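A.B. asks: have a look at this fold, sequence not included:
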């Protein structure tokens, strides 16, 4: 990519006029904030009144709070461009910004980027100008305008067009400035530099499932979040009431993306990991071993859990005899079997059928006695009798999802019965010793248990006393990031949360690294809603990763996903990766410490990640601490530290200014999709990358890793290479891109 356009500078003849306009817009924005605060104060006056009045005040206060949150931009730029229409389209001019701002007469000053009139700002090209004669891009730092960049259309068009993969780049100078911005611990929005292929996805129709395949650096995550903001703006009704859910792969990732939607004026979106969607007080931490995770994600578990519930619906082992005054009431084994069969024929959830079983038990006890007895009296007298409770709990126990799974996984006999379609190895992978009596509340479940707990909830239904308010919530639209790693059971769980079948599902098959790594989107779509026809889109342009770094990752891609093509990088500048060859673990740790010290000492801010194999993270941390190097550690710490140790399993979806990749061979060997895990590690950096490892070890096997050192750029020697000099300090703009 070339340097920014010559007209992107502080000498633009209209820079002062545009700055004056922005100053006016900012003053008006401050007035709008003050008006909202005054309205809030007026609503708070008087705390009495009827329940209806109090409810109305709460609703108004909530709306005002949402309004104030949307008007608070912090250090983010309000306006990032302007469009001028041709005469045939009205000849108007519109400033495009983060939120809509109007003057006191309600005349528009700034148009919300999601409004239909703003669409040409993102979509217009030389061949299809969409009624524009000029598009102007602002390069800002906070409220200060530091440059303008003009693009002309039609007869006024004269500048050279920059295109990638046949698509024109929009606002090249503003885009370059944003791409070179130092990263922080949180993902930033791209609202000012959205490109055409991204905007097509953001503004795609609401109904159905939209699948977005995007390689590293193409902006798929931030595009999905901007789509969420666009849908809430365009379809405020019904999505405000139905809710919009964003699902991320882990809490580190959610913390990383949590500021994007608020920066776009949308603070009411629900951001969750799958474990947050499970009702009940369950504690979730960690993942299962590969074998266990694989079987727990298999759709055969639906049958296993169904049979596990049915195995708990059973006749008595012996006749029941219970005293009622001077009488003895009886229930035979065969009668108990008939009651259970009757209950099983009802189209109802397991727990809700407990009342039916209880009623039939008391009716049968009375019917079996020769005296005329009152069923109501017998029930009121005996319902707490230990023999009655024991009989009911045997025939038809009330179960929570946690109780069902705890009992099932802790009994080889129950696993053998419910899992008869599974082989012995699969049943053994599910087995886990039971907790001591009374300790179930303290049990730690894994992320792979979550969809099973949810499936169990679907089969069991509500507990006695629960209402519809306790049911799992559904949503009008669901955004799913890193969907390529979700198991069929996890996808089934998400489908259950979809109210209308409307979803945006993003990911990269080449980065599919989990126990249920998928090889195609068809495998994933089999388990998602099909109420409406789906759509598929692909992001082909890489914005985040400089070409010299992407070239190394592209060498590994044929080993990770040979059917995919790497994205084309917009950035043809940047530092080449640094290869540091080592020949022993001690030498490797020494080089890691040296690289960490060098990265921490660099000027210009930004953040860096030290990406390690899972098994090596503690050893690396100990070596750094011993050397007095201060680092953070994921997932305990976010990416706010200057340097953070991130095990490779947690690095997906994150971006940093610099990455230090430790022992590529071990990364490949330790992970079920080893080359894909390495590909993920190689595609996190926006500026610099250092790879440290033993070239001889990479070429020692003939299992597919042969030639890996050559693919990564090692020369086969065992001497460390000095890090390359930096080409330039990153720009200190406030805008963060992908």
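C.D. replies: In hand now; what should we look at? For clarity, every value in this text was computed on a predicted model and none was experimentally measured.
A.B. asks: just the helices in the stretch 151-300 of the chain please.
C.D. replies: Along the stretch 151-300 of the chain, the segments classed as helices by DSSP state H, counting those that start in this stretch run 172-179, 196-202, 220-234, 236-242, 251-257, 260-263, 290-296, 300-311.
A.B. asks: got these as a markdown table, with distance to residue 71 columns?
C.D. replies: Every residue, glycine included, has its C-beta placed from N, CA and C. Shown next, in a markdown table, are the helices of the stretch 151-300 of the chain (distance: least, C-beta to C-beta, whole Å):
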| stretch | distance to residue 71 |
| --- | --- |
| helix 172-179 | 23 |
| helix 196-202 | 23 |
| helix 220-234 | 15 |
| helix 236-242 | 17 |
| helix 251-257 | 22 |
| helix 260-263 | 12 |
| helix 290-296 | 45 |
| helix 300-311 | 48 |
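A.B. asks: what's in contact with stretch 15-31?
C.D. replies: If you take C-beta atoms under 8 Å, 6 or more residues apart in numbering as the criterion, stretch 15-31 is touched by 71, 73, 78-79, 82, 95, 97, 101-104, 109-110, 136, 138, 143-145, 147-148.
A.B. asks: distance from the chain centre to it, please.
C.D. replies: With C-alpha atoms, centre = their mean, to the nearest Å as the basis, stretch 15-31 stands 36 Å off its chain's centre.
A.B. asks: list the buried residues in that stretch.
C.D. replies: By neighbour count with 16 or more other C-beta atoms under 10 Å, stretch 15-31 contains the buried residues 15, 18, 19, 21, 22, 25, 26, 28, 29.
A.B. asks: repeat that for stretch 293-304.
C.D. replies: Across stretch 293-304, burial judged by 16+ other C-beta under 10 Å covers 293, 294, 295, 296, 297, 298, 301, 302, 304.
A.B. asks: kindly report the same for stretch 137-145.
C.D. replies: Residues of stretch 137-145 classed as buried under the neighbour-count rule (16+ other C-beta under 10 Å) are 137, 138, 139, 140, 141, 143, 145.
A.B. asks: of the residues you listed, which belong to strands?
C.D. replies: Among these, DSSP state E puts 137, 138, 139, 140, 141, 145 in strands.
A.B. asks: from these, which two are the most distant?
C.D. replies: Maximum pairwise distance among those (C-beta to C-beta): 14.3 Å, between 137 and 141.
A.B. asks: how far away is the closest residue to residue 294 other than its chain neighbours from residue 630?
C.D. replies: The shortest distance from residue 294 to any non-neighbouring residue, by C-beta to C-beta, 6 or more residues apart in numbering, is to residue 515 (4.8 Å). Distance from residue 515 to residue 630, counting by C-beta to C-beta, to the nearest Å: 35 Å.
A.B. asks: for the two, indicate the residue with more neighbours.
C.D. replies: Between residue 515 and residue 630, counting by other C-beta atoms under 10 Å, residue 515 is the more crowded of the two (20 against 11).
A.B. asks: got the phi and psi for that one?
C.D. replies: Main-chain dihedrals, residue 515, degrees, to the nearest 10: phi -60, psi -30.
A.B. asks: average pLDDT for stretch 212-230?
C.D. replies: Averaged across stretch 212-230, the pLDDT comes to 93.
A.B. asks: hey, which helix or strand in this protein has the poorest pLDDT?
C.D. replies: Lowest on mean pLDDT, DSSP states H and E among the helices and strands of the chain sits strand 163-164, with a mean of 58.
A.B. asks: just to revisit the earlier point, farthest pair in the buried residues of stretch 137-145?
C.D. replies: The most widely separated members of the buried residues of stretch 137-145, counting by C-beta to C-beta, are 137 and 143 (16.8 Å).
A.B. asks: quickly find the element holding residue 537.
C.D. replies: strand 535-539 (DSSP states H and E).
A.B. asks: which regions of the stretch 351-500 of the chain sit below the pLDDT cut-off?
C.D. replies: Filtered on pLDDT under 70, the stretch 351-500 of the chain yields no residues whatsoever.
A.B. asks: what residues does the strand holding residue 537 touch?
C.D. replies: With C-beta under 8 Å, 6+ apart as the test, strand 535-539 has contacts from 197-198, 200-201, 204-205, 208-215, 218-220, 223, 521, 567.
A.B. asks: and the angle for it with helix 220-234?
C.D. replies: Going by axes from the mean of the first three to the mean of the last three C-alpha atoms, to 10 degrees, strand 535-539 is angled at 130 degrees with respect to helix 220-234.
A.B. asks: residue 616 touches residue 662, doesn't it?
C.D. replies: Yes. Applying C-beta atoms under 8 Å as the test, residue 616 and residue 662 come out as touching, 6.5 Å apart.
A.B. asks: those two: which is more packed in?
C.D. replies: residue 662 (28 against 21).
A.B. asks: run through the residues that contact that one.
C.D. replies: 588, 592, 610, 611, 612, 613, 616, 620, 692, 693.
A.B. asks: now do the phi/psi pair for it.
C.D. replies: The phi/psi pair for residue 662 (degrees, to the nearest 10) is phi -100, psi 120.
A.B. asks: next one, pLDDT for it please.
C.D. replies: For residue 662, the predicted pLDDT is 97.
A.B. asks: skipping adjacent residues, who's closest to it in space?
C.D. replies: Spatial nearest neighbour of residue 662, excluding adjacent residues (C-beta to C-beta, 6+ apart): residue 612 at 4.6 Å.
A.B. asks: the one you found pairs with what?
C.D. replies: residue 647 (DSSP bridges).
A.B. asks: wait, it touches residue 623, no?
C.D. replies: No. Contact between residue 612 and residue 623 fails when scored by C-beta under 8 Å: they sit 10.9 Å apart.
A.B. asks: neighbour count winner among those two?
C.D. replies: Neighbours were counted for residue 612 and for residue 623 using other C-beta under 10 Å; residue 612 has more, 25 against 18.
A.B. asks: how about the contacts made by the more buried one?
C.D. replies: Taking C-beta under 8 Å, 6+ apart, we find residue 612 in contact with 620, 645, 646, 647, 648, 662, 663.
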